[in-house]
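**Q** Turn this into a model:
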Amino acid sequence: MELQQYWLVLKRRWLPTVGVLSVSLALTSMTLVTQKPVYQAEGKLRFTGEDLAVSLTGVGGDERGVMTPLISDNNPMTTEMAVIRSVPIIEETIRRMGMQGRDGEPISVTGFLRNLRLNNPRGTDLLEVSYRHPDPAIAREAVDTLMQVYLEHHLRENRTEVVAAREFIERQLPEAEASVRQSEAALRAFKERNQVAVLEEESRSAVASLEDLRRRIAAANSELANVNSQARAFAQQLQMSPQESLTMTALSQSTGVQTVLTSLQEVDAQLAVERVRFLDEHPTIQALLQRRSNLERLLQQRITQALEGKSVQTGRNLQLGDTRTSLVRDQLLAEVRRQGLSSELRTLAAAQAAYQQRIRTLPRLEQEQRELERRLAAANSTYSLLLTRFHEVRVAENQNVGNVRVLQQADLLDSPVAPRPTSHLAMGGIIGLFLAIATALLLESRDKSIRTVQQARDTFGLTLLGVIPSYQGTGRLPFWSAASDNASEVIVRDQPTSPISEAYRMLQANLKFLSSDHALRTIVVTSSVPSEGKTVVSANLAMALAQIGHRVLLLDADMRCGRQHHVWGQINDSGLSNVIVEQLDPQTVVKEIVPNLHLLTSGVVPPNPAVLLDSKRMSSLIEQFSADYDFVIIDTPSINVAADVLILGKMADGMVLVTRPGVVDAGSATIAKERLEQSGQNVLGQVINGVVQSNEPDSYYYFMRSYELNHTSYRPPASVRS
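**A** Next up, the predicted model:
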């Protein structure tokens, strides 16, 4: 529905709407008078981003007390408000206050929460706690008690977490300490087993030492080669090996050997002299030889003693000269140097091999050491952290300050918060207006009446021949008044310049257009139900046709409740029923009302009108009237009242259906439509009568007010409707 349609519904249902609204306002006023004043106490809690004790002492951890939500877009204040509303806190508050209901039992949590209000002002870290109660003292006490219970719960919850943390750390500390000791012992055993001090320094030193050893070995090899050359040269000159030279040097330096050797040389000299004088058998020679032999034995003994048991060829010259002594000394020095260099080379080679072996093992040792050091560092870090946290937690355990403070104790507002007359009445008015609108819509939904032109067209689906405005809608002829002057119903005659007259002229013009293909001389006018204005429409249509020069017969075929004689102010002493029953000449009964317009009233009411209308006499009368007049307008009963209209419809050239919004309902209209379709009537179209322009959302269904004001204002006496 559009807004305009809602407005039309309210206009039609204004009386029940106003009644419901008035009752709602009256009940609201009575409730306002009978209600007791309700007072509200309000306190404020302030939340900080972290625990104040933690921020002041620096102990307890950076995250303790921080209000960090688990969900990124969640407000921590919402969580705290839910905590305050939790059952344990509310029950503890009720218990401390001893709040009781009317039955003497403690009030329920729901009853307490019904009067509790929590609010977080936008952009602040404050939480407003308010409570409403008829007793201001109870309202104030409820706020103070609730905030106190919440603070205790908050501290207890924080302390519980700290105690749990302390107990956990206490269980972990011995294991962490044992892990540290185990890691230290493993590292120490590794260093002792592999003779490790500082592997990095050792590695650098080993590389440098190895390079130095390589240089020294190269230098020693070069020098050894030189010394070997010298030793070979000395050996060639002396014809002695260094060992022999060393022996000869020892003998030449032995006093005993040299003394004996000197004596032996003297004996040899004497022997050489005496052999010149004597033969070998001479006692002197024999004595010298004996002496010489004794000296040789003594020399050999002395040599053996000097050489410590070694022997030497006695034929060698055991006395060295200065030159040979110098050469022997140089040879021995070279030999000593050679042996020293050889020993040094062996030592350097062994050291080089040892360094190379050590360097090959250093990466593995470094890896093992790093692994052990990492374990030790991790164990130390864990132990240090646990120990630090343990001391912090023990301190934090004794801190009874959280991140919530009572910023304002319960303060009673100056005036009661309920009832508030303005808002109470406004709310009652809104509720009443809602109920009034709902009542109007409910009544409208239950009302099956056709209200608008569009609904009438959609219901029947017929050609729209004309739209006749309501007498009340024009403001000129009050159609619903009960005055005695019935002439006012013939608007076309009495008010020819009115919009209603123009509507009837448009109706007759549309009928003329319909007769362009075949002549329409006999037209039946009917409706679905009574009171839709078919009699008035028939009279004005006949008058409109007569005004343009057509000879028109207005035939009132409603023998049950004919009204055409009332409309025209005539006497119904004889009419159609008399013509049919008494075989009267129609011309003796037909009356000329105005020029070109003749009227045949219904006549005396017969016992069975349908039999008369379905007779041959009636059929012949229709043929006679069609021959004598240009148009025959037949006013008939409603379709849903009698079958007369269906009988007459078959005798006429066509039928016009009159529909009045607000009178016919959807059910009656549907029945009428089905009867017309079943009987096969030639329905020319539909005339919608009594249209109130203020009830129509579409402006093209009614004449505009400006058009009406341009005509003379004629107000004949009001008439009654058909």
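**Q** From now on I want contacts and neighbour counts done on CA atoms only, so please keep to that.
**A** Fine.
**Q** Low-confidence ranges, the stretch 601-722 of the chain, go.
**A** Segments of the stretch 601-722 of the chain classed as low confidence (criterion: pLDDT under 70) are 694-695, 697-722.
**Q** rerun at 80
**A** Using pLDDT under 80 as the threshold, the predicted model of the stretch 601-722 of the chain has low-confidence ranges 692-722.
**Q** Equivalent analysis for the stretch 51-200 of the chain, please.
**A** For the stretch 51-200 of the chain, the stretches flagged by pLDDT under 80 are 51-75, 101-104, 158-159, 161-162, 191, 194-200.
**Q** Do you have the helices of it handy? List them.
**A** In the stretch 51-200 of the chain, helices defined by DSSP state H, counting those that start in this stretch lie at 52-57, 76-84, 87-97, 109-114, 136-194, 199-238, listed in chain order.
**Q** Contacts made by stretch 114-134 with the rest, please.
**A** Contacts with stretch 114-134, where a contact means CA atoms under 8 Å, 6 or more residues apart in numbering, come from 36-48, 77, 81, 139-140, 142-143, 147.
**Q** Could you list every helix and strand in contact with the longest helix seen in the chain?
**A** Across the chain, the longest stretch assigned as helix under DSSP state H is helix 322-397. Counting contacts by 3 or more CA pairs under 8 Å, 6 or more residues apart in numbering; DSSP states H and E, the secondary-structure elements packed against helix 322-397 are helix 136-194, helix 199-238, helix 242-252.
**Q** following the shortest one, which helix or strand comes up?
**A** Just to be clear, that refers to helix 242-252. Under the assignment DSSP states H and E, the closest C-terminal helix or strand after helix 242-252 is helix 255-277.
**Q** buried sites along that following helix?
**A** Of the residues in helix 255-277, those scored as buried under the neighbour-count criterion (16 or more other CA atoms under 10 Å) are 256-258, 260-261, 263-264, 267-268, 270-271, 274-275.
**Q** do the same with stretch 560-574
**A** Taking 16+ other CA under 10 Å as the neighbour-count basis, stretch 560-574 is seen to contain the buried residues Arg560, Gly562, Arg563, Gln564, His565, His566, Val567, Trp568, Asn572, Ser574.
**Q** Secondary structure and distance to Ile94 for those residues - can I get that in JSON lines?
**A** Formatted as JSON lines, the buried residues of stretch 560-574 follow (DSSP: H, G, I helix; E, B strand; the rest coil; distance: CA to CA, whole Å):
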{"residue": "Arg560", "secondary structure": "coil", "distance to Ile94": "82"}
{"residue": "Gly562", "secondary structure": "coil", "distance to Ile94": "83"}
{"residue": "Arg563", "secondary structure": "coil", "distance to Ile94": "82"}
{"residue": "Gln564", "secondary structure": "helix", "distance to Ile94": "85"}
{"residue": "His565", "secondary structure": "helix", "distance to Ile94": "87"}
{"residue": "His566", "secondary structure": "helix", "distance to Ile94": "84"}
{"residue": "Val567", "secondary structure": "helix", "distance to Ile94": "84"}
{"residue": "Trp568", "secondary structure": "helix", "distance to Ile94": "87"}
{"residue": "Asn572", "secondary structure": "coil", "distance to Ile94": "90"}
{"residue": "Ser574", "secondary structure": "coil", "distance to Ile94": "95"}
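**Q** how about those in a markdown table, adding pLDDT and distance to Thr439?
**A** Listed next are the buried residues of stretch 560-574 as a markdown table, based on pLDDT from 0 to 100; distance: CA to CA, whole Å:
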| residue | pLDDT | distance to Thr439 |
| --- | --- | --- |
| Arg560 | 87 | 40 |
| Gly562 | 89 | 40 |
| Arg563 | 91 | 39 |
| Gln564 | 92 | 41 |
| His565 | 91 | 43 |
| His566 | 91 | 41 |
| Val567 | 92 | 40 |
| Trp568 | 93 | 44 |
| Asn572 | 89 | 47 |
| Ser574 | 89 | 52 |
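**Q** neighbouring contacts of stretch 338-352?
**A** Applying CA under 8 Å, 6+ apart, the set of residues contacting stretch 338-352 from outside is Leu210, Leu213, Arg214, Arg216, Ile217, Ala220, Asn221, Glu223, Leu224, Val227, Asn228.
**Q** Compute the mean per-residue pLDDT across that stretch, please.
**A** The average pLDDT for stretch 338-352 rounds to 83.
**Q** Only the buried residues of it, if you could.
**A** With the criterion 16+ other CA under 10 Å, stretch 338-352 contains buried residues Arg338, Leu341, Glu344, Leu345, Leu348, Ala349, Gln352.
**Q** what's the closest of the helices of the stretch 51-200 of the chain to Ser29?
**A** Using CA to CA as the criterion, the shortest distance between Ser29 and those is 23.7 Å, found for helix 109-114.
**Q** what separates that closest one from the chain centre, distance-wise?
**A** 31 Å (CA atoms, centre = their mean, to the nearest Å).
**Q** coming back round to it: which members of the buried residues of stretch 338-352 are the farthest-apart pair?
**A** Spatial extent of the buried residues of stretch 338-352 (CA to CA) is set by the pair Arg338 and Gln352 at 20.4 Å.
**Q** Verify the stated contact: Ile503 with Ser470.
**A** One thing to correct before we go on: residue 503 is Ala, not Ile. No - using CA atoms under 8 Å as the test, Ala503 is too far from Ser470 to be in contact (11.0 Å).
**Q** With adjacent residues omitted, what lies nearest to Val23?
**A** Gly432 (7.7 Å; CA to CA, 6 or more residues apart in numbering).
**Q** Can you report how many residues lie near the one you found?
**A** For Gly432, the count of nearby residues is 25 (other CA atoms under 10 Å).
**Q** where's it, which helix or strand?
**A** Following DSSP H and E, one finds Gly432 within helix 421-446.
**Q** And stretch 601-616, end to end?
**A** According to CA to CA, to the nearest Å, stretch 601-616 extends 19 Å from its N-terminal end residue to its C-terminal end residue.
**Q** start the count at 31, not 1, going forward
**A** Got it, first residue is 31 now, which makes that one stretch 631-646.
**Q** Contacts for it next, please.
**A** Looking at stretch 631-646 with CA under 8 Å, 6+ apart, the contacting residues turn out to be 585-590, 592, 594-595, 602-608, 610-611, 620, 648, 673-674, 677-678.
**Q** returning to that earlier point: the longest helix of the chain vs helix 166-224, what angle?
**A** Following axes from the mean of the first three to the mean of the last three CA atoms, to 10 degrees, one obtains 160 degrees for the angle between helix 352-427 and helix 166-224.
**Q** I'd like the distance from helix 352-427 to the chain centre, please.
**A** Once both centres are worked out by CA atoms, centre = their mean, helix 352-427 turns out to sit 66 Å from its chain's centre.
**Q** got it, and stretch 138-155?
**A** 25 Å.
**Q** Could you pull out the buried residues of that stretch?
**A** If you call a residue buried by 16+ other CA under 10 Å, then stretch 138-155 has these buried ones: Ser138, Val139, Phe142, Leu146, Leu148, Asn150.
**Q** still on that earlier bit, you'd agree the residue nearest to Val53 is up against Val50?
**A** Yes - judged on CA under 8 Å, Gly462 makes contact with Val50 at a distance of 6.6 Å.
**Q** so how many other residues sit close to Ser235?
**A** For Ser235, the count of nearby residues is 13 (other CA under 10 Å).
**Q** ok, it - contacts?
**A** By CA under 8 Å, 6+ apart, no residues touch Ser235.
**Q** mind checking how far the residue lying closest to Arg246 once chain neighbours are set aside is from Val257?
**A** Counting by CA to CA, 6+ apart, Leu378 is the residue found nearest to Arg246 once chain neighbours are left out, at 7.7 Å. Leu378 sits at a distance of 18 Å from Val257 (criterion: CA to CA).
**Q** same check, this time on Ala380
**A** Summarising the geometry, the distance separating Ala380 from Val257, computed by CA to CA, is 22 Å.
**Q** now do Gly153
**A** Remark: distance between Gly153 and Val257 (CA to CA) = 98 Å.
**Q** now Arg126
**A** Arg126 sits 112 Å away from Val257 when distances are taken as CA to CA.
**Q** Give me the more crowded residue out of those two.
**A** Regarding Arg126 and Val257, a neighbour count based on other CA under 10 Å identifies Val257 as having more, with 21 against 13.
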